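*Asks:* Next comes the sequence, and after it the predicted model I'd like to discuss.
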Amino acid sequence: MRILHLWDQAGVAFVLAKYQTMQGHKSNAIMVTEYDKFGIGKFYREYIISTTLQEFVQKSIDEARFSDILHVHSRSDLVHEFRKVFGNSKKIIVHYHGTDIRGIKNQKLPHRSRLSDMAVRSIFTYRRIRDAALFKKRIHSKAQGLADAVVVSTPDLMSIVPKAVHIPNPIDVGHFSPNGPAKINKALTIDTEAIDIKLTLDRCKKNGMNFDIDIYNRIRNPVMYSDMPSFLKRYGLYIDIRYVDGILLENLSKTALEALACGLDVIDYRMKRIHGLPSENAPVNVIDQLDSIYSNVMG
């Protein structure tokens with residue numbers, strides 16, 4: 001099967017392309033790699049079709065001609081373009097990852113990276129639209145109606161996209177694995193402009209968790225993806241309590257999953273301490289679920 005991933009959020013498309021290739025598919029991800037702030041595209045470069053931002057849509061259409069499955073990550077605006085060009089001859093999967101469907105409300109951009117911001121902006125378009133929220137809803141609703149299947153990366157997104165299928169985020173266990181440098185006697189949490197870190201610390205304090213916590217801002221001080229396992233393995237505990245727009249996110253972040261794969265304990269949104277990567281996030285299990293979806297839409 002020939003699979004083309006369009007865009008990428010936090011490396012998910014790249015990991016899927018890698019493990020789908022390992023299982024015998026022809027799978028690539030087309031991406032604007034000039035804004036590869038965390039070096040994720042560079043790390044997975046053998047699975048990537050690189051393009052510029054200006055040429056992204058046309059390059060996507062050109063590459064789609066040779067693909068059976070068009071797996072669109074976040075860029076809902078592409079679905080209409082594909083249907084205009086290919087009609088119903090191509091099978092399209094729309095994949096939401098979080099901010100792309102939740103919206104950005106009070107968040108300050110850039111919330112992850114310039115590339116991630118562009119994905120969000122492409123949905124809103126930031127033109128002079130009186131009701132941007134309504135416009136966003138229409139774009140998503142139209143894309144979901146035109147797609148052959150819709151998937152979401154975390155269970156909480158099912159309340160926003162009720163007809164979607166939950167496909168857990170795959171973690172590259174070939175890259176993130178236990179053992180490594182000696183751990184320092186501190187916990188770690190990641191701060192970004194999307195996260196209200198004060199609410200995180202307040203929740204820890206209210207629950208009697210007086211850990212010595214390193215608060216690391218990965219936006220101001222990027223950790224390259226190639227170095228992320230060794231960075232995580234300096235710690236024994238990761239705090240994964242995230243508030244966005246004042247709402248506690250009831251799911252494990254991709255960083256928390258990577259920490260679990262590296263052997264760290266994680267404090268999750270329930271204030272529970274967990275250990276070990278859930279089997280549902282093992283890439284082979286994620287690929288098996290996607291294969292089932294692909295087979296269904298292919299008929």
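*Replies:* Nice, I can see it.

*Asks:* At which residues are the helices of the stretch 1-150 of the chain located?
*Replies:* 12-22, 40-43, 56-64, 77-86, 99-102, 114-124, 132-146 (DSSP state H, counting those that start in this stretch).

*Asks:* Between these, which one is closest to Leu290.
*Replies:* Each of the helices of the stretch 1-150 of the chain has some distance to Leu290 by Cβ to Cβ; the shortest is helix 12-22, at 7.1 Å. Using the backbone N, CA and C atoms, a C-beta is placed for each residue, glycine as well.

*Asks:* Pull out the buried positions in that closest one.
*Replies:* 12-20 (16 or more other Cβ atoms under 10 Å).

*Asks:* now, among these, which is nearest to Ile139?
*Replies:* Ala13 (20.0 Å).

*Asks:* Might one say that the closest one is in contact with Leu4?
*Replies:* No: applying Cβ atoms under 8 Å, one finds Ala13 not in contact with Leu4, separated by 9.8 Å.

*Asks:* Give me the common contacts of those two.
*Replies:* The contact sets of Ala13 and Leu4 overlap at 29, 71 (Cβ atoms under 8 Å, 6 or more residues apart in numbering).

*Asks:* Save the buried residues of helix 12-22 as TSV, and put in distance to Tyr243 and pLDDT too.
*Replies:* As requested, the buried residues of helix 12-22 are exported to TSV (distance: Cβ to Cβ, whole Å; pLDDT from 0 to 100):
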residue	distance to Tyr243	pLDDT
Val12	22	97
Ala13	27	97
Phe14	28	97
Val15	27	98
Leu16	29	98
Ala17	32	98
Lys18	32	98
Tyr19	32	98
Gln20	34	98
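
*Asks:* Quick one, grab the pLDDT at Arg130.
*Replies:* What the model reports as pLDDT for Arg130 is 47.

*Asks:* right, I mislabeled it, should have said Tyr235
*Replies:* Per-residue confidence (pLDDT) for Tyr235: 95.

*Asks:* contacting residues for it?
*Replies:* Going by Cβ under 8 Å, 6+ apart, Tyr235 touches 183-184, 186-188, 214, 259, 264.

*Asks:* Go again with 7 Å.
*Replies:* Tyr235 makes contact with 183-184, 186-188, 264, according to Cβ atoms under 7 Å, 6 or more residues apart in numbering.

*Asks:* how far away is it from Lys206?
*Replies:* 22 Å (Cβ to Cβ, to the nearest Å).

*Asks:* Next: Met224.
*Replies:* In terms of Cβ to Cβ, Met224 sits 35 Å off from Lys206.

*Asks:* which one of the two has more residues nearby?
*Replies:* Met224 (14 against 9; other Cβ atoms under 10 Å).

*Asks:* Next, the closest residue to Asn217 other than its chain neighbours: phi, psi?
*Replies:* Spatial nearest neighbour of Asn217, excluding adjacent residues (Cβ to Cβ, 6 or more residues apart in numbering): Asp191 at 4.6 Å. Backbone torsions for Asp191, taken as degrees, to the nearest 10, come to phi -110, psi 130.

*Asks:* Count the neighbours of Asp191 for me.
*Replies:* As a burial measure, Asp191 scores 17 neighbours (other Cβ under 10 Å).

*Asks:* again with Ile49
*Replies:* 17.

*Asks:* now swap in the one 3 residues further on and tell me
*Replies:* Here the count is done by other Cβ under 10 Å, and Thr52 has 10 residues near it.
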